[in-house]
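Undergrad: Predicted model follows, preceded by the sequence.
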Amino acid sequence: MRFSHSAFALLLATPLFAAEPPKGFTALFDGKTLDGWHGWAIHAKGGAPADLVKFAPEVRTKKVEEWTADAKKHWSVQNGELVNDGNGAYLATDKEYGDIELLIEYKTVAKADSGIYLRNTPQVQIWDSNQKFDEKNPTRRPHLGSGGLFNNTPGTTGRDPLALADNPFGEWNTFRIIQVGERTTVYLNGKLVVDHARMENYWDRKTPLARTGKVLLQTHGGEIRWRNLFVREIPATEANEILRKNGAKGFESVFNGKDFTGWAGPTDGYEIVDGAIVCKPKGGNIYTKAEFADHVVRLEYRLPKGGNNGLAIRYPGGNVHVATQAMTELQILDDTDPKYAKLDPRQFNLSAYGMVAAHRGYLRPLGEWNFVEVTAKGTTLVAELNGTRVLDADLSKVTEFKVKTPHPGKDRARGHFGFAGHNDPVAFRNIEVRSLSGK
């Protein structure tokens with residue numbers, strides 16, 4: 001993250017109204033026009049993301065034109081600043097973004113309420129921190145300051161800021177926002193206010209945050225000014241590094257990158273290439289000699305076209321069927337390949353095989369490394385793929401199975417971690433485990 005800190009320092013050192021972005025960033029606002037932006041009445045009837053995509057293209061185009069016309073009545077450019085009078089449609093970037101680092105400065109007025117939407121979703125909160133706590137509305141806490149993920153569920157991590165960091169009215173405030181998958185970190189005026197917290201999907205909390213979306217600037221009742229809006233798209237390698245560094249305490253490597261020390265099973269069905277375990281055509285189930293009860297495992301994996309393998313969770317060892325005899329096999333699959341189009345949903349990538357379907361669409365392109373973190377605690381399983389929670393299941397509640405095949409191992413409380421080889425050259429590296437049970 002050294003590069004990012006340098007970029008942040010460079011932003012603070014830029015002259016007033018500077019149009020040149022820091023190294024590696026591009027400008028979202030040219031300081032002169034609304035080019036690259038359009039209006040979006042996102043909370044109007046038909047304006048929610050899921051509703052908007054249902055319209056025919058020509059209807060969507062007409063709505064955007066209407067919203068943009070409304071936005072132009074309330075948004076203006078003054079002395080290189082983007083100014084909103086507190087009313088009208090929000091401004092949305094024409095371009096969609098996934099993993100990003102976002103630098104934004106803003107200045108607002110008393111009693112104003114605004115925010116920054118990421119991936120079409122509310123929001124990094126901006127408001128008047130001078131307001132007092134309202135006992136009649138206890139989950140609304142402006143006195144704690146701006147920068148929190150206000151539309152997350154009350155009481156969850158990241159919903160309220162970690163520190164009060166707002167500058168006095170009349171002064172500019174500076175945001176630095178880093179988002180990888182759902183994992184969102186926010187600095188306000190150089191202070192950490194949200195630390196690698198999940199940003200919930202406000203539109204449907206049962207599903208993950210969208211993989212990509214637009215950046216929106218909210219207008220909500222008071223004048224707000226913006227300047228120095230810069231964005232940097234985070235590449236996969238750096239995104240994985242960010243995910244690995246956060247919450248890294250307590251993890252221990254179970255693979256030395258050189259040989260199969262500490263592993264059992266038919267290791268001759270795998271080879272080590274450039275520090276990664278790669279399945280050979282012979283395949284087979286390999287696993288750690290160590291056993292784990294409640295634990296978290298994190299690793300990176302890379303899929304070939306149509307590649308298939310699996311993560312063995314609480315595996316009993318020996319040559320048994322992983323999916324039914326272990327707690328589960330979490331599927332590792334290139335489910336973008338057309339040959340898998342008609343699979344049972346419980347067979348797609350990171351599903352608890354044959355039991356619970358994972359959310360799809362969060363794999364990186366073929367050839368890139370994916371970062372996965374799996375938590376097995378009691379009978380529950382949570383899997384995050386590239387920073388997004390795609391599986392959250394309690395296997396004790398599963399009563400229906402693919403093709404009615406029993407899964408007697410699903411209630412297993414302890415076992416090995418391993419790979420369920422299926423002959424394709426799927427690669428695994430940086431394999432670490434953190435025990436949650438002390439055993």
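TA: All right, it came through fine. No experiment lies behind these values; they were computed from the predicted model shown. Residues are numbered from 1 along each chain as shown.

Undergrad: check which helix or strand covers the nearest residue to Thr26 once chain neighbours are set aside.
TA: Excluding the flanking residues, the one nearest Thr26 by Cβ to Cβ, 6 or more residues apart in numbering is Val231, at 6.0 Å. In short, each C-beta sits where N, CA and C put it, glycine included. For Val231, the element it lies in under DSSP states H and E is strand 224-233.

Undergrad: Packing partners of that strand?
TA: helix 2-13, strand 26-27, strand 81-84, strand 100-108 (3 or more Cβ pairs under 8 Å, 6 or more residues apart in numbering; DSSP states H and E).

Undergrad: Identify each buried residue in the biggest helix by length in the chain, please.
TA: Longest helix in the chain, counting residues (DSSP state H): helix 57-74. In terms of neighbour count (16 or more other Cβ atoms under 10 Å), helix 57-74 has its buried residues at Lys63, Val64, Trp67, Thr68, Asp70, Ala71, His74.

Undergrad: Return the closest of these with respect to Ile178.
TA: Ala71 (27.6 Å; Cβ to Cβ).

Undergrad: Out of the buried residues of helix 57-74, which comes closest to Val215?
TA: Among those, and counting by Cβ to Cβ, the member closest to Val215 is Ala71, at 14.5 Å.

Undergrad: do you know how far that closest one is from Gly39?
TA: 3 Å (Cβ to Cβ, to the nearest Å).

Undergrad: cool, Asn319 as well?
TA: 61 Å.

Undergrad: In terms of neighbours, single out the busier of those two.
TA: When Asn319 and Gly39 are compared for neighbours, Gly39 comes out ahead with 25 against 8, by other Cβ atoms under 10 Å.

Undergrad: Pretty sure the more buried one sits against His74.
TA: No. The pair Gly39 / His74 is not scored as a contact, 9.1 Å apart, by Cβ atoms under 8 Å.

Undergrad: okay, and the common contacts of those two?
TA: Gly88, Ala89 (Cβ atoms under 8 Å, 6 or more residues apart in numbering).

Undergrad: ranges for the strands of the stretch 151-300 of the chain?
TA: 173-180, 183-188, 191-198, 216-217, 224-233, 252-253, 263-264, 270-273, 276-279, 285-292, 295-302 (DSSP state E, counting those that start in this stretch).

Undergrad: Identify the nearest residue to the spatially most central residue of the chain in space, disregarding sequence-adjacent positions?
TA: By Cα atoms, centre = their mean, the chain has its centre lying nearest to Gly181, at 1.7 Å. Excluding its sequence neighbours, the residue lying closest to Gly181 (Cβ to Cβ, 6+ apart) is Gly387, at 2.2 Å.

Undergrad: For burial, what's the neighbour tally of the one you found?
TA: 25.

Undergrad: tell me the contacts of it?
TA: Here Gly387 is in contact with Asp99, Val180, Gly181, Glu182, Arg183, Ala239, Leu243, Phe371 (Cβ under 8 Å, 6+ apart).
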